[in-house]
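# mind looking at a prediction? Sequence and model below.
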Amino acid sequence: MTHRDSDLWHFIFDDQDGSWTWQRVSSNGEEVARSPFSFRSFNVCVADAELAGFVNNTSAPRRVRTSELTHGLRGRSAHAMGESHPRPAERRRRPRHAA
C-alpha cells in the first residue's frame, strides 16, 4: 500500500448553495488537493475526483456537509479562506497542466 492509498477523499455538500466539491486529505490531515470548481451534481463531482485519482470502486465516497466539517477541514475550505464569491458551478474543466 502506497502513502497515496491512505489519503482520504471528502465530498463536501455546501449547505448554502447546494453545490458539491471534493477534497483529498493526507493521513496526517493536510489537504493534498481540492476540486477547482464546485458542482451541482454529486455524481459529476465524483467523476471529476476520479480524474484526479479517486478510485470509486475501492473507496466509499465520504459525503460531508459544510456544517459538519471539523474546524481543521473547515479552515482549509475555499469559503473559510476568504473567497468573496462562490466558485462557479458546472463549468467546463480547465486543462490540467503537467506538474
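Cool, the structure landed. Numbering: from 1, shown residues only.
# give me the number of residues near residue 16?
Using other C-beta atoms under 10 Å, residue 16 has 9 other residues around it. The way it works is simple: take the backbone N, C-alpha and C, and place the C-beta from them, glycine included.
# look up how far residue 41 lies from it.
17 Å (C-beta to C-beta, to the nearest Å).
# what do you get for residue 19?
9 Å.
# strands of the protein, start to end?
8-13, 20-25, 31-34, 62-65 (DSSP state E).
# out of the ones you listed, which is the most enclosed?
Comparing the strands of the chain by mean neighbour count (mean count of other C-beta atoms under 10 Å), strand 20-25 comes out on top with a mean of 22.
# picking up where we left off before, tell me which of residue 19 and residue 41 has more neighbours.
Taking other C-beta under 10 Å, residue 19 and residue 41 do not tie; residue 19 has more neighbours (23 against 12).
# which one is that one nearest to, not counting chain neighbours?
residue 38 (3.8 Å; C-beta to C-beta, 6 or more residues apart in numbering).
# against residue 27, how distant is the one you found?
According to C-beta to C-beta, residue 38 stands 26 Å off from residue 27.
# show me where pLDDT drops low in the chain?
In the predicted model of the chain, residues 1-5, 58-60, 70-99 satisfy pLDDT under 70.
# quick one, what contacts the residue nearest to residue 41 when sequence neighbours are not counted?
For residue 41, ignoring the flanking residues on the chain, the nearest one in space by C-beta to C-beta, 6+ apart is residue 20 at 7.0 Å. Contacts for residue 20 were tallied using C-beta atoms under 8 Å, 6 or more residues apart in numbering; they are 11, 12, 13, 14, 38, 39, 40, 41, 42, 44, 45.
# how close does the third one sit to residue 62?
Here the distance between residue 13 and residue 62 works out to 11 Å (C-beta to C-beta).
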